[in-house]
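Peer 1: Test case, fold it:
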Amino acid sequence: MRRISRLRRPSGLPVPAAASRSSIAPQCPQATALFSSSSQTTIPSSSRRPTSTTLRQLPTLGRFYSSEKDPIPQSLSEGTTSEPIPTADEANWEDVPADPSQLQQIYVPPPKYTYATRPDEVSDPSYTPAATFDGLETVGGLGNWWDQQHWSKVGNFMGFKPRTKVTNPLLLEASVRRAVVEAFALRQAGREDDLTGVWPVGGQEELQRTMELDVQCAEDGVPSINGDISAIVDGLQWNDEVATEASAPPSPAVKGSVFSSEDILKFKEAWTGRWKYTSLVDPRFRFAVTKRIFQLTGHLVPDHQLSGIADVQTLLHLVQKPPKPNTLTEEIQKRRQDLVQLPNVSIATKRVTRGDKEKALGRFKLIEEELKKRDLPVQGHGGARKNREMQILQGGM
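Peer 2: Coordinates of the predicted model:
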């Protein structure tokens with residue numbers, strides 16, 4: 001018969017007897033009561049082994065916790081004050097103006113409803129209430145109230161990114177130079193905290209100031225500006241008036257005030273090439289420059305490329321992407337007009353397929369009719385997958 005091995009003593013630190021009389025109580029008091037009540041019971045004797053065994057009292061292995069409350073230090077209890085924590089709704093409503101006149105400056109609310117007099121309250125004896133709406137005139141209505149111009153310019157959305165992306169290389173170079181000059185002007189004026197702030201876009205005057213300044217770069221990559229930078233620093237101060245003017249639609253005079261490529265070339269003749277070696281190793285200065293470029297041109301430098309930007313010249317290579325090369329058809333139409341004018345030469349913008357040749361000869365209609373008679377797809381492969389044999393050879397099903 002299979003012999004049952006004797007149970008081993010549980011591993012663990014024995015608890016002294018004095019611990020049970022202390023103020024520390026076990027976590028499960030019911031388990032202690034069960035062990036204490038069953039410690040004196042005996043196991044009935046077996047038919048094969050008539051020896052009686054008395055269970056020993058096992059040490060309590062439960063975790064203990066203090067039944068007394070830990071006193072709070074007097075210094076902490078006196079200094080703590082209960083302050084009400086504002087809820088999310090209360091925090092969101094803090095920025096909403098409480099004065100109704102301020103809300104009316106942002107939008108025009110719809111008029112209040114007016115109710116007609118009840119038929120039983122009309123004093124005119126000749127009045128007859130209408131049973132249907134036939135012949136009644138409809139006046140007003142609030143169905144499309146918010147689709148109309150009932151909002152002021154203050155509530156217009158002002159995006160940080162421009163709507164149109166600048167792709168002209170000369171304008172991109174001018175924007176990069178402007179960003180470098182403005183960022184270094186703030187640093188030279190001691191306004192380091194404004195490098196990470198929001199700057200107004202400005203207009204033609206602000207752009208012309210940055211274009212006229214002379215920027216020199218030392219051997220260590222630190223630039224130096226020769227000229228008055230006070231006007232540039234003052235123009236980078238953001239306020240509500242500038243925000244309101246930026247949100248307003250531009251006038252025709254402002255639309256035509258953007259510098260052209262010819263104007264940028266005139267300024268570029270006076271520039272020296274040393275400004276492109278300005279160091280952008282400082283993360284704070286580099287962030288200010290790339291942020292300004294994104295605001296002016298719409299070009300966002302990816303995060304994985306920021307660590308590789310060491311100077312302005314590297315940044316220009318990332319922003320000024322080379323134009324897409326012309327295709328062979330475009331080059332022939334541009335340079336070899338003698339080939340285009342030949343009667344036996346035709347130039348196509350894409351690859352000429354067999355179907356294109358059949359369409360040119362007029363036989364595709366006959367082929368289309370025969371395919372429809374046989375319930376075959378006219379174009380494409382229909383429900384069949386391409387390269388079925390290749391898939392089977394590679395082990396697919």
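
Peer 1: average pLDDT across stretch 145-158?
Peer 2: Mean pLDDT, computed over stretch 145-158, is 76.

Peer 1: now stretch 106-126
Peer 2: Stretch 106-126 comes out at a mean pLDDT of 83.

Peer 1: Only C-alpha atoms, please: export it in PDB.
Peer 2: C-alpha atoms of stretch 106-126 as PDB (Å, rounded to 0.1, in the frame of the first residue of the first chain):
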ATOM      1  CA  ILE A 106     -17.700  87.400 -29.400                       C
ATOM      2  CA  TYR A 107     -21.000  86.300 -31.000                       C
ATOM      3  CA  VAL A 108     -24.600  87.500 -31.600                       C
ATOM      4  CA  PRO A 109     -27.000  85.300 -29.700                       C
ATOM      5  CA  PRO A 110     -30.300  84.400 -31.400                       C
ATOM      6  CA  PRO A 111     -33.400  86.400 -30.400                       C
ATOM      7  CA  LYS A 112     -35.700  85.200 -27.700                       C
ATOM      8  CA  TYR A 113     -38.800  83.300 -28.600                       C
ATOM      9  CA  THR A 114     -42.100  85.200 -28.800                       C
ATOM     10  CA  TYR A 115     -45.400  83.400 -28.300                       C
ATOM     11  CA  ALA A 116     -48.700  84.400 -29.900                       C
ATOM     12  CA  THR A 117     -51.900  84.900 -27.900                       C
ATOM     13  CA  ARG A 118     -54.000  81.900 -27.200                       C
ATOM     14  CA  PRO A 119     -57.200  81.700 -29.200                       C
ATOM     15  CA  ASP A 120     -59.400  81.700 -26.100                       C
ATOM     16  CA  GLU A 121     -57.700  84.900 -24.900                       C
ATOM     17  CA  VAL A 122     -58.300  87.000 -28.100                       C
ATOM     18  CA  SER A 123     -60.800  89.800 -27.500                       C
ATOM     19  CA  ASP A 124     -61.800  90.200 -31.200                       C
ATOM     20  CA  PRO A 125     -65.000  88.300 -31.800                       C
ATOM     21  CA  SER A 126     -64.400  88.000 -35.500                       C
END
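
Peer 1: do you know how far R284 is from K357?
Peer 2: Separation of R284 from K357 (C-beta to C-beta, to the nearest Å): 63 Å. (Glycine included, C-beta is placed from N, CA and C.)

Peer 1: Please apply the same query to N226.
Peer 2: 68 Å.

Peer 1: Tell me the secondary structure of P377, please.
Peer 2: coil (DSSP: H, G, I helix; E, B strand; the rest coil).

Peer 1: Name the helix or strand for the closest residue to it other than its chain neighbours, please.
Peer 2: Distances taken as C-beta to C-beta, 6 or more residues apart in numbering put L371 closest to P377, at 7.2 Å, once the chain neighbours are dropped. If you go by DSSP states H and E, L371 is part of helix 364-373.

Peer 1: Can you spell out which helices and strands pack onto that helix?
Peer 2: Under the contact definition 3 or more C-beta pairs under 8 Å, 6 or more residues apart in numbering; DSSP states H and E, helix 364-373 sits against helix 354-361.

Peer 1: Would you mind pulling the contact partners of the helix it packs on?
Peer 2: A348, F364, I367, Q379 (C-beta atoms under 8 Å, 6 or more residues apart in numbering).

Peer 1: mind running it again at 6 Å?
Peer 2: Helix 354-361 has contacts (C-beta atoms under 6 Å, 6 or more residues apart in numbering) with F364.

Peer 1: Need the mean per-residue confidence for it.
Peer 2: If you average the pLDDT over helix 354-361, you get 87.

Peer 1: Show me the domain layout of the chain.
Peer 2: Under the assignment automatic domain parsing, the domains of the chain span 169-319, 329-393.

Peer 1: These: which one's closest to K161?
Peer 2: domain 169-319 (5.5 Å; C-beta to C-beta).

Peer 1: how long is the closest one end to end?
Peer 2: 9 Å (C-alpha to C-alpha, to the nearest Å).

Peer 1: so what's L315 closest to, chain neighbours aside?
Peer 2: I309 (5.2 Å).

Peer 1: what helix or strand is that neighbour on?
Peer 2: Going by DSSP H and E, I309 is not in any helix or strand.

Peer 1: Tell me how far it lies from L318.
Peer 2: From I309 to L318 the distance is 7 Å (C-beta to C-beta).

Peer 1: all strands of this structure, in order?
Peer 2: Secondary structure of the chain, counting by DSSP state E: strands at 24-26, 64-66, 214-217, 223-226.

Peer 1: ok, of the ones you listed, where does mean pLDDT dip lowest?
Peer 2: strand 24-26 (a mean of 46).

Peer 1: ok so, going back, just give me the lowest mean pLDDT stretch among the domains of the chain.
Peer 2: Mean pLDDT is lowest for domain 169-319 out of the domains of the chain, coming in at a mean of 80.

Peer 1: Tell me which stretches of the stretch 251-397 of the chain form helices.
Peer 2: 252-255, 261-269, 283-297, 303-306, 312-319, 328-335, 337-340, 354-361, 364-373, 388-393 (DSSP state H, counting those that start in this stretch).

Peer 1: Quick one: closest of those helices to E173.
Peer 2: Short answer: helix 312-319, nearest of the helices of the stretch 251-397 of the chain by C-beta to C-beta, at 6.5 Å.

Peer 1: just the angle between the closest one and helix 283-297, please?
Peer 2: 40 degrees (axes from the mean of the first three to the mean of the last three C-alpha atoms, to 10 degrees).

Peer 1: Now do the buried residues in helix 312-319.
Peer 2: By neighbour count on 16 or more other C-beta atoms under 10 Å, the buried set for helix 312-319 is V312, L315, L318, V319.
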